[in-house]
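In: Kindly generate the corresponding structure for this input.
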Amino acid sequence: FIVDSTGKLNISKLTHPSSPDTSKSTFPFKIEVTNFSLININFSMQRFDFAGSKAYYDILNMNDLRVNNLKLSLNAFADINNSEFELDLSELSFSPNINNFTLEKLSGQFAINKKELFANNLKIKTSNSEILIKIKATHNIFDPKSDFANAKLDINLIAEKLNFQDVSPFVSSLNMFKEPLAIKLKCDGTLKDLAIKQIDIKFLNSHLETTGIVKNIDRPKQMFFNARFKDSYINQSDISKLIPMINLPVYEKLGILRFDTLTISGRPLNFITTISLRTDKGRVLAEAGLNFEQKPLRYNIKFGTIGLDISPFTNMISNINCNGTIIGSGTKPDELNAEINFNADGSVLNGNRIDSFNLDAIAKNKNINYDLNLASDTSSLNINGYLTFNKGNDISYKVSGEIKKLDIFRFVKDSSLISNLNFSVNAEGDGFNLDSLNLYLTFLLKNSTINRIFIDSTRAIADIRKNTGDGRVINLISDLADITI
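Out: This next block holds a predicted model:
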């Protein structure tokens, strides 16, 4: 078949159009087709500028469609007056001009009547996939007053192997998936209240399984879902193989990521999720409420770790036991309104025990106030201050810090740096770009030792001003020398 420049098929020119028939009548006959078959049929439908093309494509091209070796075998029945239609498809197979796609066999039983419609034992086998589907809907599609949302549904799908290579020619966005999946799906109910009896997905060395409910599918704004996963785990490298384009980093030392708990409940843009993730390097816990329906985004997040070793990320052997909360709204500086609390008492970092660690921060009206306190053995650290987001993305800040009994040797393991340092730092300024920095910083070191050398007291001041037309000014003041640049 050839489609001309006006969009008409050449075959349509074999007959002249007739006047429309507006009369009404019944069709008193029943139609029955027995053992209908086609074997080794080739056909094409090409736009005039593709006529004679022998090209193959990665996606379906309706301007140049060619089908070879089509085979069809079926039985059919139709009672038009009583709205009863049945099809027993024994086989449909063909090879289209789509790269890496061949429909080896499609078969199944189909029926539509005033009580129900179903597809039974629908088998789809391609060169890459094999799927079995059973779908039944108790619904009268011939009654205009009948609401499909109330139809009772029964859906079963088993795909021992589903390769997205077979689907991407028709839905190109699915081309991102590069590995086959094994899927089982069982659900029943209505679009208003659908019970998910099983969703089971396996790919490579990973497995996800969940049950749950979905309500109000027919009304997306009121949709509600509740899902609980079980026996679910992910091998990190599998994600990169399944979806290479996202280029996720893989931390092999974490091992298999096992979800002891994974639940999600709510609406698509307003939900609560709980996670208990177990790795070879410790556990991560989280409970998060996220509301994307609100502008700006609202969130209520609780998190924690148990025995977490962060060495796969930082090369620092650790044992982090922490908990924290993030509560608020917004993510941009001009809308951020949040409170952060973080505690890591009793953790170990690079062999150093952290007796206490607390971070509190409050963000409001473009300001972030923070207070950090740490105690480790005899050492302690206290830092507090604020950040202010100004116009033009400029940031002004103030920080005050005091460190007591710091031993550098504990971090670098260099015996020449055995020390007991006591110092304070105060800084105030705006900007972090060295070319436009305004900064006033004071440093005071007192009653300290380093490599058995005692330092009674020493101070340093840095005063840096950005160029306002007369050049930059840099003042460095210390007990050793005063320098102005």
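
In: Can you measure across stretch 12-23, start residue to end residue?
Out: Start to finish, the residues bounding stretch 12-23 are 24 Å apart (CA to CA, to the nearest Å).

In: The chain should start at 33 in everything you say after this.
Out: Sounds good: first residue 33 from here, last item stretch 44-55.

In: Distance from that stretch to the middle of the chain?
Out: With CA atoms, centre = their mean, to the nearest Å as the basis, stretch 44-55 stands 53 Å off its chain's centre.

In: Run through the strands of the stretch 283-432 of the chain in chain order.
Out: Here the stretch 283-432 of the chain has its strands, by DSSP state E, counting those that start in this stretch, at 289-299, 302-311, 314-323, 330-340, 350-361, 369-375, 379-381, 384-386, 388-396, 399-408, 411-421, 427-438.

In: Quick check: buried residues in the second one?
Out: Going by neighbour count (16 or more other CB atoms under 10 Å), the buried part of strand 302-311 is 303, 305, 307-311. No exception for glycine: its C-beta is placed from N, CA and C like everyone else's.

In: Surely residue 273 forms part of a strand?
Out: No - under DSSP: H, G, I helix; E, B strand; the rest coil, residue 273 sits outside any strand and is assigned helix.

In: Give me the pLDDT value at the closest residue to it other than its chain neighbours.
Out: In space, and not counting its chain neighbours, residue 273 is closest to residue 211: 5.4 Å by CB to CB, 6 or more residues apart in numbering. We have a pLDDT of 90 for residue 211.

In: Equivalent analysis for residue 364, please.
Out: In this model, residue 364 carries a pLDDT of 90.

In: residues in contact with it?
Out: Going by CB atoms under 8 Å, 6 or more residues apart in numbering, residue 364 touches residue 328.

In: wait, is the residue nearest to residue 273 part of a helix?
Out: No - Residue 211 sits outside any helix when classified using three-state DSSP, being coil.

In: Low-confidence regions, the stretch 383-517 of the chain specifically.
Out: 424-425, 499-503, 512-514, 517 (pLDDT under 70).

In: What is the burial count for residue 400?
Out: 19 (other CB atoms under 10 Å).

In: can I assume it is in contact with residue 418?
Out: Yes - using CB atoms under 8 Å, residue 400 makes contact with residue 418 at a distance of 6.3 Å.

In: Could I get the full set of helices for this protein?
Out: 268-274, 343-346, 441-444 (DSSP state H).

In: Tell me which residues of the last one come out buried.
Out: Counting neighbours by 16+ other CB under 10 Å, one finds that the buried residues in helix 441-444 are residue 442.

In: Buried deepest among the helices of the chain, which one?
Out: Mean neighbour count, computed with mean count of other CB atoms under 10 Å, is highest for helix 268-274 among the helices of the chain, reaching a mean of 16.

In: what's in contact with that helix?
Out: 209-211, 235-238, 278-280, 282-284, 286, 289.

In: mind running it again at 10 Å?
Out: Residues outside helix 268-274 that contact it (CB atoms under 10 Å, 6 or more residues apart in numbering): 196, 208-213, 235-239, 267, 278-284, 286-289, 311.

In: how far away is residue 400 from residue 465?
Out: If you measure residue 400 against residue 465 using CB to CB, to the nearest Å, the figure is 19 Å.

In: where in the chain is pLDDT low?
Out: Scanning the chain for pLDDT under 70 picks out the ranges 48-49, 424-425, 499-503, 512-514, 517.

In: got the contact list for the residue minimising distance to the centre of it?
Out: Geometric centre of the chain, nearest residue: residue 278, 10.1 Å, by CA atoms, centre = their mean. By CB under 10 Å, 6+ apart, the residues touching residue 278 are 208, 271-272.

In: Show me which of these is closest to residue 125.
Out: Closest approach between the contacts of residue 278 and residue 125, by CB to CB: residue 208, at 28.2 Å.

In: pretty sure that closest one is in contact with residue 199, am I right?
Out: No - between residue 208 and residue 199 there is no contact under CB atoms under 10 Å: 11.4 Å.

In: who's more crowded, these two?
Out: residue 199 (18 against 13).

In: and that one, how far is that from residue 338?
Out: Computed as CB to CB, the residue 199 to residue 338 distance reads 41 Å.

In: circling back: output the helices of the chain in JSON lines; the columns should cover distance to residue 408.
Out: Formatted as JSON lines, those follow (distance: least, CB to CB, whole Å):
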{"stretch": "helix 268-274", "distance to residue 408": "32"}
{"stretch": "helix 343-346", "distance to residue 408": "17"}
{"stretch": "helix 441-444", "distance to residue 408": "8"}
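
In: quick one: which of these is nearest residue 359?
Out: Across these, closest to residue 359 is helix 343-346 (CB to CB), at 25.7 Å.

In: Any idea how far the closest one is from the middle of the chain?
Out: Per CA atoms, centre = their mean, the centroid offset for helix 343-346 relative to its chain is 23 Å.

In: mind exporting that helix as PDB, just the C-alpha atoms?
Out: Provided in PDB are the C-alpha atoms of helix 343-346 (Å, rounded to 0.1, in the frame of the first residue of the first chain):
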ATOM      1  CA  SER A 343      34.700   4.200  54.600                       C
ATOM      2  CA  PRO A 344      33.200   3.200  51.200                       C
ATOM      3  CA  PHE A 345      32.600   6.900  50.700                       C
ATOM      4  CA  THR A 346      35.400   8.600  52.600                       C
END
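
In: Name the residues that touch it?
Out: 281-287, 311-313, 349-350, 381-382.

In: Show me which of these are buried.
Out: Buried among the contacts of helix 343-346 (16+ other CB under 10 Å): 283, 286, 311, 313, 350, 381.

In: I'd like to know the beta-bridge partner residues of the fifth one.
Out: It stands for residue 350. Taking DSSP bridges as the rule, residue 350 bridges to residue 381.

In: One more: the third one?
Out: For residue 311, the beta-bridge partners under DSSP bridges are residue 314.

In: That one is in contact with residue 290, isn't it?
Out: Yes - counting by CB under 10 Å, residue 311 touches residue 290, with 7.5 Å between them.
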